[in-house]
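Student: have a look; sequence and predicted model below, questions after that.
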Amino acid sequence: MAETAANRICKVLAVNQENEQLMEDYEKLASDLLEWIRRTIPWLENRVPENTMHAMQQKLEDFRDYRRLHKPPKVQEKCQLEINFNTLQTKLRLSNRPAFMPSEGRMVSDINNAWGCLEQVEKGYEEWLLNEIRRLERLDHLAEKFRQKASIHEAWTDGDEKEEPYPKVTWEWLGLV
């Protein structure tokens, strides 16, 4: 009977140690994930436009790298965090133990809220980037148009024109013939 009691105590201690480890893992993973979100949001909120198309395209490429390389492991961590939390709650319930309450600000709902904020800022950043690139493309187009007109005018004023800067108005040109 003493041996059976000792085995039961060992099993209970092992389950408690495993639960404690899951709690520690949850807290660490939650802290790390929240810290990453807190560091990432200011980068995505920094919407200082660059003056060149190349620099803005580099920002877009950095953003795409973030979405392709940096965010997916964090999505995995978030999923693992939820799995750990649910596993722990189930184990505690099965062993008639009180439910696990993460420390302040580290509940699954807190992490989901922070993640939602991250995704909102991310969406706004991507829209801003694309709008800025379109704006710079329009400016480049207008500048090229201006350069072309300026070179025609310069050629005309230098007397090197092959034709007048403005077409001669004729009946054919007006489409009346």
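Tutor: Noted; the coordinates are in hand. Residues are numbered from 1 along each chain as shown.
Student: which secondary structure elements does whatever helix or strand Glu127 lives in sit against?
Tutor: In the assignment (DSSP states H and E), Glu127 maps to helix 108-157. When contacts are defined as 3 or more Cβ pairs under 8 Å, 6 or more residues apart in numbering; DSSP states H and E, helix 108-157 packs onto helix 2-45, helix 53-65, helix 71-94. Placement of C-beta: from N, CA and C, glycine included.
Student: of all those helices, which one is nearest Leu142?
Tutor: Evaluated with Cβ to Cβ, the helices and strands packed on helix 108-157 place helix 53-65 nearest to Leu142, the distance being 13.2 Å.
Student: any chance you could list what contacts the closest one?
Tutor: Applying Cβ atoms under 8 Å, 6 or more residues apart in numbering, the set of residues contacting helix 53-65 from outside is 49-50, 125-126, 129-130, 132-133, 136-137, 140.
Student: just the buried members of these?
Tutor: Among the contacts of helix 53-65, those classed as buried by neighbour count (16 or more other Cβ atoms under 10 Å) are 125, 129, 132-133, 136.
Student: phi, psi for Ser103 please.
Tutor: Backbone torsions of Ser103, given as degrees, to the nearest 10, read phi -70, psi 160.
Student: for it, grab the count of nearby residues.
Tutor: As a burial measure, the neighbour count of Ser103 was computed by other Cβ atoms under 10 Å and equals 11.
Student: and the gap between Asn51 and Glu132?
Tutor: Computed as Cβ to Cβ, to the nearest Å, the Asn51 to Glu132 distance reads 11 Å.
Student: my error: substitute Glu3 in the last question.
Tutor: Glu3 sits at a distance of 74 Å from Glu132 (criterion: Cβ to Cβ).
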